[in-house]
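A.B. asks: Predicted model, plus sequence, below.
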Amino acid sequence: MYDSTDSCGGDQDPGTPGADQGLPESGADQDPSGSTAGQAPQPNQGPEEVRFLVDSTAGKLVRWLRLLGFDSTYSEQAADYRLVHRARTEGRIVLTRRRSAAALPWGNAVLLESDRLDDQLTQIARCYAMPGRPMTRCSLCNALLEDVSGESVRDIVPPFVYKTASGFSKCLGCGHVYWQGTHSSRITERWKTLWELAGSE
């Protein structure tokens, strides 16, 4: 069982044994801007208020958060005080495996306790409710999806998909096309079940 405070981005102990380095020796315990604006939402707020910034230590997680409907951006760098500050100004919660970043008292970061995807999603599920409708964001770029007619994507998708898919959607950002089928339903149900089980613990 994950600790209900530390694993949800509450106060972290900066002196935790084994914490990694990468923060300046001075000034890291203060918000670089000295401002409280852009404070990210706290655990257990509504899903429409939760926005994440996933760093490079948890890259696999971002795709699944987007498929579940969470507004989730990705950084190719590991979290440090600059990335935590950026997330704060954007009203996002940092998801990281880096203890030093999660320990910043002025930031809002969740220290992911495991490098396994299922464990990470379970930890997030204990802190934040799943959006009501998954499969509404592009897993590639995070933009919203728009329902479109099959005819409008007929020349884009494989012929078999055009004939058998029950519905289509298109990314408003990169234009990637998604369709409803057995595979997407199975993925959605798997993570919905995981969220429900985690929330009942």
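C.D. replies: Structure received. Numbering: from 1, shown residues only.

A.B. asks: count of residues packed around the closest residue to Leu117 other than its chain neighbours?
C.D. replies: Excluding its sequence neighbours, the residue lying closest to Leu117 (C-beta to C-beta, 6 or more residues apart in numbering) is Lys60, at 5.3 Å. C-betas here are computed from N, CA, C, even on glycine. A count of nearby residues for Lys60, using other C-beta atoms under 10 Å, gives 11.

A.B. asks: Please point out which parts of the helix or strand containing Lys60 sit buried.
C.D. replies: Lys60 belongs to helix 59-67 when elements are defined using DSSP states H and E. Applying a neighbour-count criterion of 16 or more other C-beta atoms under 10 Å, one finds 61-67 buried in helix 59-67.

A.B. asks: quick one: which of those residues is nearest Cys127?
C.D. replies: Leu65 (12.6 Å; C-beta to C-beta).

A.B. asks: Quick check: beta-bridge partners of the nearest residue to the closest one once chain neighbours are set aside?
C.D. replies: Spatial nearest neighbour of Leu65, excluding adjacent residues (C-beta to C-beta, 6+ apart): Ser72 at 4.2 Å. The bridge-partner assignment for Ser72, based on DSSP bridges, gives Phe52.

A.B. asks: Do a quick rundown of the helices in the chain.
C.D. replies: 59-67, 81-89, 99-102, 117-127, 159-164, 182-199 (DSSP state H).

A.B. asks: Those helices: which one's closest to Leu140?
C.D. replies: Closest approach to Leu140 among the helices of the chain (C-beta to C-beta): helix 59-67, 8.1 Å.

A.B. asks: quick one: the closest one to helix 117-127, angle?
C.D. replies: 50 degrees (axes from the mean of the first three to the mean of the last three C-alpha atoms, to 10 degrees).

A.B. asks: what sits up against helix 59-67?
C.D. replies: Residues from elsewhere that reach helix 59-67, judged by C-beta atoms under 8 Å, 6 or more residues apart in numbering: 52, 54, 72-74, 95, 112, 117, 120-121, 124, 134-135, 137-139, 142, 187-188, 191.

A.B. asks: coming back round to it: name the nearest of the buried residues of helix 59-67 relative to Gly167.
C.D. replies: Checking these against Gly167 with C-beta to C-beta, the nearest one is Leu67 at 15.7 Å.
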